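Undergrad: Need a 3D model of the following:
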Amino acid sequence: MSLRFGTDGLRGVANQDLTPELVLGLGKAVARVISDNVFLIGRDTRKSGSFLQAALSAGLASEGLDVIDVGVLPTPALAYLASVLHMPAAMISASHNQYFDNGIKLLSQAGMKLPDTVERAIEDELSRITLYGRTGTAESKPASENDFHNVGSISQDLFLKDRYVDYLTGLCAADADIVANSNLKIVCDFANGAAVSVGKNLFSRIGVEAEFIADEPDGYNINYKCGSTYLSNLAAKVVETKASFGLAFDGDADRVLAIDESGKDIDGDQLMVMFALDMQKRGILSPPGVAVTVMSNLGLHKSLREYGIEVISTQVGDKYVLDAIEANNLLIGGEQSGHIIFRNMATTGDGLLTSIMLISLLARTGESLGSLADKVMTKYPQVLINVPVSSPVSIDKSVACHEAIAEAKNTLGTDGRVLVRPSGTEPVVRVMVEAVTRTMADQVANNLVSVIEREFV
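TA: Predicted structure coming up:
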């Protein structure tokens, strides 16, 4: 029995990697490491979410914790509830993956993802648990009378998510009249995921005209040819309906990407630059800094530094972005993939919060999304290739990879960037190259991929 936390919690194929037996054991391990009285559990729309939620709830309750099932809701909604109710929480979701995958994200009672040290402690405890004949490294404790009496309850409250909608609506109050009179028309792609549970109510309450697609989850269609990983349907709909812009969420709605009025995609880097410059203009970006990951485009770095805004880079994962935000007392940070954290408003990346911030920004400025994006940042052509490998690999141990990376960096000089890293969530090595031209980026990236394939495939 083993599970390892990646950059975004636990993830695997439901009922194969994430079996109910294993998740039951995980619940027991979590309860032993995170000592608390009450635990919140939410999920996205995958069919496997219900049985995994039941297994995790049973494990927690068997160790004496009371569990509240809050149903289907976005990860940031659960994080908000955890922070205001001061209860640890677990989200059953595999984010942008398709339906056959699932995962578990654990949150502290402050609404933040757990530190690596706590995750390691949970892994160690799980390895010691005996479950259905599978024996860990330590013996089971003998049963006592307390074991039969000290058990928790499992209850349900499907209305707690309304508090999250109330909160986001309240954040829009200052710009409510401007938004209502802006004539903005948006199209939202809910990815047949968790955003469906609160999104329509939210956009109705803030007074923006909205049309929705991929808003009929059936347990299997989450992220399937829709959402933030598949933007073509949304782009076509925005152009067809002459909408102001489009918003594409992932399965658990902790991130969002945008489509401008012409059908062009706007990523998290561009959104962060827009927000940071707007905050600077309004005198609220203090200190003047933004936290991003090493995947952020070179254009973001150049644009923000031109305006005197410091860029702090972290390893990939929004939990590490949040660590940098906290360490440097920043107000904003995020990832190119659309995880954006407004630290004075939220504890994690939040696609719906980002959306209403974008609506307010465009309503206040009167600019179109496309023109504003072009004005604030010039994107460098970026090539990202995922190279499948049979198992996790260490690039650091390959002399050939080191030499190839050094050669690529030398070729690009100061007008480009190279990043090669094993994924924290999938059995792939990610190769990212930025250059002045797409042709140069393709050439350098393909050379690196050839070396990796020779070494590890």
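Undergrad: Can you pull out the low-pLDDT segments for the stretch 351-457 of the chain?
TA: 392-393, 425 (pLDDT under 70).
Undergrad: all strands for it, in order.
TA: Assigned by DSSP state E, counting those that start in this stretch, the strands in the stretch 351-457 of the chain fall at 382-388, 417-422, 428-434.
Undergrad: what does the first one contact?
TA: Just to be clear, that refers to strand 382-388. Defining contact as C-beta atoms under 8 Å, 6 or more residues apart in numbering, one finds that strand 382-388 is touched by 297, 423, 426-434, 438, 441-442, 444-446, 449, 452-453, 456-457. Placement of C-beta: from N, CA and C, glycine included.
Undergrad: Give me the buried subset of the residues you listed.
TA: When neighbours are counted using 16 or more other C-beta atoms under 10 Å, the contacts of strand 382-388 contain these buried positions: 297, 423, 428-434, 441, 444-445, 449, 452, 456.
Undergrad: Looking at these, which is nearest Ser360?
TA: Closest approach to Ser360 among those (C-beta to C-beta): Asn297, at 24.3 Å.
Undergrad: And the pLDDT for that closest one?
TA: At Asn297, the pLDDT value in this model is 93.
Undergrad: got a list of what it touches?
TA: Counted by C-beta under 8 Å, 6+ apart, Asn297 has contacts 267, 269, 336, 377, 379-380, 382, 434.
Undergrad: can you redo the residues you listed as a markdown table with distance to Ala77?
TA: Listed next are the contacts of Asn297 as a markdown table, based on distance: C-beta to C-beta, whole Å:
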| residue | distance to Ala77 |
| --- | --- |
| Asp267 | 23 |
| Asp269 | 25 |
| Gln336 | 23 |
| Met377 | 30 |
| Lys379 | 31 |
| Tyr380 | 35 |
| Gln382 | 31 |
| Glu434 | 34 |
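Undergrad: count of neighbours near Glu119?
TA: Glu119 has 19 neighbours, counted by other C-beta atoms under 10 Å.
Undergrad: for it, what are its contacts?
TA: Counted by C-beta under 8 Å, 6+ apart, Glu119 has contacts 5, 106.
Undergrad: host element of it?
TA: Secondary structure from DSSP states H and E places Glu119 in helix 116-127.
Undergrad: so where's the stretch 101-250 of the chain uncertain?
TA: 130-149.
Undergrad: Can you show me the helices along it?
TA: According to DSSP state H, counting those that start in this stretch, the stretch 101-250 of the chain carries its helices in the segments 116-127, 145-149, 161-171, 176-180, 199-205, 232-241.
Undergrad: List the buried residues of the first one.
TA: Taking 16+ other C-beta under 10 Å as the neighbour-count basis, helix 116-127 is seen to contain the buried residues 118-119, 121-123, 125-126.
Undergrad: now for those residues, which pair is the farthest apart?
TA: Largest pairwise distance in those, by C-beta to C-beta, is 12.8 Å, between Val118 and Leu126.
Undergrad: okay, and the common contacts of those two?
TA: Common neighbours of Val118 and Leu126 (C-beta under 8 Å, 6+ apart) do not exist.
Undergrad: rewinding a little: go through the buried residues of helix 116-127 and name the one nearest Asn344.
TA: Val118 (25.0 Å).
Undergrad: roughly how far apart are that closest one and Asp415?
TA: As judged by C-beta to C-beta, to the nearest Å, Val118 and Asp415 stand 42 Å apart.
Undergrad: Check Asn150 too.
TA: 64 Å.
Undergrad: Kindly report the same for Ser127.
TA: 48 Å.
Undergrad: tell me the SS of the nearest residue to Glu123 once chain neighbours are set aside?
TA: Spatially, and ignoring its direct neighbours in sequence, Glu123 is nearest to Arg4 (6.3 Å; C-beta to C-beta, 6 or more residues apart in numbering). Using DSSP: H, G, I helix; E, B strand; the rest coil, the structure places Arg4 in coil.
Undergrad: count of residues packed around Arg4?
TA: 13.
Undergrad: Just the pLDDT for it.
TA: 76.
Undergrad: Compare the contacts of Asn297 and tell me which is most surrounded.
TA: Asp269 (28 neighbours).
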